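K.L.:
everything below, folded, please.
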Amino acid sequence: QVQLVDSGGGLVQPGGSLRLSCAPSGTASGYIFGISDISWYRQAPGKQRELVATLTSRGGTNYADSAQGRFTISRDNGENTVYLQMDSLRPEDTAVYYCNLKRPGTGWDYWGQGTQVTVSS
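P.N.:
As a prediction, the model looks like this:
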């Protein structure tokens, strides 16, 4: 069992920035975290959960069109943490953001508990 802890959400004004963090809990989780693809998803009230960004185990990145150019996903191997840097935030970015771990071919599919991001003046 892998446990993910995501954090860093909060209230920010339009145009502001936030950095979300996703880290594994436990030694075994840390190994799995390091060899898996890590993604950020978000879910706004009344909407389906959507993919925001992915960082593959090989370092490749993919972004949703809505995140391209404003959000950056990265990994700090020393801290065993994946970050989502969010800049130029908009009210439509308001959602609960979830960290997700997958490794193709294994069936691994784990989620963090979610962190609330609210963009409002």
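K.L.:
what sits up against the lowest-mean-pLDDT helix or strand in the chain?
P.N.:
The helix or strand of the chain with the poorest confidence is helix 27-34; it has a mean of 79 (mean pLDDT, DSSP states H and E). Counting by CB atoms under 8 Å, 6 or more residues apart in numbering, helix 27-34 makes contact with 2-4, 23-24, 57, 77, 80, 101, 103, 108, all of which sit outside it. C-betas here are computed from N, CA, C, even on glycine.
K.L.:
which of the residues you listed fall within helices?
P.N.:
In helices, judged by DSSP state H, none of the contacts of helix 27-34 are found.
K.L.:
most neighbours out of these, which is it?
P.N.:
Highest neighbour count within those: Pro24, with 25 neighbours (other CB atoms under 10 Å).
K.L.:
pLDDT below threshold where in the chain?
P.N.:
Counting by pLDDT under 70, the chain has low-confidence residues at 27-28.
K.L.:
what residue lies at the spatial centre of it?
P.N.:
Trp40 (2.9 Å; CA atoms, centre = their mean).
K.L.:
ok, that residue touching Ala95?
P.N.:
No: taking contacts as CB atoms under 8 Å, Trp40 lies outside contact range of Ala95: 10.4 Å.
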